[in-house]
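In: next comes the sequence, and after it the predicted model I'd like to discuss.
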Amino acid sequence: MNHQENNLSEKKPLAQESAGQAVAETQLKIASFNLLNYLEPPNAYYDFQRIYSLKQWQKKQQWITDYLNLHQPHVIGFQEVFSPDSLKTLVAELGYPYFRVVDQPQVTDGFIYSAPVVAIASRYPVIEAAPVLPDSELIRAMGLLPEFAFSRKVLRATVDLPHLGHCDCYVVHFKSKRPLFEYEPGSNKEQGNALSEEKNMLGHLKAQVAGGWGAAMQRGSEATLLYVDMLSRRADCGYPMILMGDFNNSLAQEELAFLTTSDLRAELDGNSEAYFEKYRLHDAWDLFQALTAGQGKPAAVRQPSHYYGARGSVLDYILLSREFDAGYQLSLFEVSDYQTYDRHLINPLFERDGESTDHAIPLVTLTLRE
């Protein structure tokens, strides 16, 4: 079945009615949710042995259900989806009649799944959904190979939100930090002696450096091509923008920093700055901190969204256009709350969290300005 065609054409009168009633609502909640290998058994993810038992699958489904029932986000961007039909059924039962995917995972041998996709679920009507296609001319100008593609297709969904109207919501899962390639030592008689061990170490080091930089180049190229497409879309339609997902690195890193930077204004004259703000994206956390500071509240400490051993980092983000910036005079909404749901990471209980996810879930609350 072609999920994209089916999703784009379906109609949900009940959801349209509820969305109409929601115009009176003054808050919107947006969440980014990395599901970690969401695949219904008896299928396997990546390896033929990685299959959830029925009990494990039910536990994972229940964990997702519990989070959504507790926090009630209105729009959710999902990553690591292997079973979009199962997820669509689950969220529909929880009050999300609008669900979209624009890609399908890869399947080998009929049951081994790889290359998971992103998805979006919404309580409000999704007017259109489509993959973001990288610009071929820009690909050439950047010196990339003509066949360059996103490691996971980016989903753009136009959602009809209360008070805002059409809003472009982008869901991403950028290239991971995993090196593009690894060292494969040759089999020879010298292996085992000190010289061979040093050669192997050197080979691993070279592969780690070059493969890691290759992954960063892929990730940065994906972010660049996406942002340029968002700029063009914004110029054509003028819709508010929400970009959410697993960025697989910090926004402070060079390959992603331009997504929220204000440094580009240094090249603009005074008249151009106002136009620049129209296209700029803001980290929802920064907007929340600015609002609380203006209210005289103490600054909070941002919690990591992922841990590698004991080291935490923020990999999951929700970026917003100026329609959600309280510092912009004509903005309709402001970021009144920012939560990072991480109980399953910092205080896990096996019975409750054994089949959860390895990412925290960022959730922003957008409140209509008076």
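Out: Good, I have the coordinates.

In: where does the stretch 51-200 of the chain have low pLDDT?
Out: Scanning the stretch 51-200 of the chain with the threshold set as pLDDT under 70 gives 186-195.

In: oh, that last question was meant for the stretch 251-370 of the chain, not what I typed.
Out: If you take pLDDT under 70 as the line, the stretch 251-370 of the chain has these spans: 263-271.

In: just the helices in it please.
Out: 254-257, 270-279, 284-294, 343-346, 350-353 (DSSP state H, counting those that start in this stretch).

In: winner for burial among these?
Out: Per residue and on average, the most neighbours among the helices of the stretch 251-370 of the chain fall to helix 284-294, with a mean of 19 (mean count of other Cβ atoms under 10 Å). (Each C-beta comes from the backbone N, C-alpha and C, glycine too.)

In: quick one: residues in contact with that helix.
Out: 30, 260, 298-300, 302, 317-320, 324-327, 334-338, 362, 364 (Cβ atoms under 8 Å, 6 or more residues apart in numbering).

In: and the pLDDT at His3?
Out: The confidence metric pLDDT takes the value 40 at His3.

In: cool, Ser221 as well?
Out: pLDDT at Ser221 comes out at 95.

In: where's it, which helix or strand?
Out: Here Ser221, judged by DSSP states H and E, is contained in helix 194-237.

In: do the same with Lys88
Out: helix 84-93.

In: who are the packing partners of that helix?
Out: On a contact count with 3 or more Cβ pairs under 8 Å, 6 or more residues apart in numbering; DSSP states H and E, helix 84-93 meets strand 27-38, helix 54-71, strand 75-81, strand 98-100, strand 117-122.

In: next helix or strand past the shortest one?
Out: Beyond strand 98-100 in the direction of the C-terminus, DSSP H and E gives the next helix or strand as strand 106-108.

In: how far off centre is that following strand?
Out: Here the centre of strand 106-108 is set off from its chain's centre by 23 Å, with Cα atoms, centre = their mean, to the nearest Å.

In: contacts only, for the residue lying closest to Ala92 once chain neighbours are set aside.
Out: Leaving aside its chain neighbours, Ala92 sits nearest to Phe99 (6.8 Å; criterion: Cβ to Cβ, 6 or more residues apart in numbering). Contacts for Phe99 (Cβ under 8 Å, 6+ apart) come out as Asn7, Pro84, Leu87, Lys88, Val91, Ala92, Ala119, Ile120, Ala121, Ser122.

In: what's the answer for Gly296, then?
Out: Contacts of Gly296 by Cβ under 8 Å, 6+ apart: none found.

In: repeat for the one 4 residues further on
Out: With contact set as Cβ under 8 Å, 6+ apart, Ala300 has these partners: Gln289, Thr292.

In: follow-up on the earlier one: tell me the angle of the helix holding Ser221 relative to helix 270-279?
Out: Orientation of helix 194-237 against helix 270-279 (axes from the mean of the first three to the mean of the last three Cα atoms, to 10 degrees) gives an angle of 110 degrees.

In: what's the distance between Ala119 and Thr292?
Out: Plainly put, Ala119 is 32 Å away from Thr292 if you go by Cβ to Cβ, to the nearest Å.

In: do the same with Ala44
Out: Distance from Ala44 to Thr292, by Cβ to Cβ: 46 Å.

In: got it, and Tyr45?
Out: On the measure of Cβ to Cβ, Tyr45 and Thr292 end up 40 Å apart.

In: what's the answer for Asp103, then?
Out: From Asp103 over to Thr292 (counting by Cβ to Cβ), the distance is 38 Å.

In: confirm that Arg140 sits in a helix.
Out: Yes - counting by DSSP: H, G, I helix; E, B strand; the rest coil, Arg140 is part of a helix.
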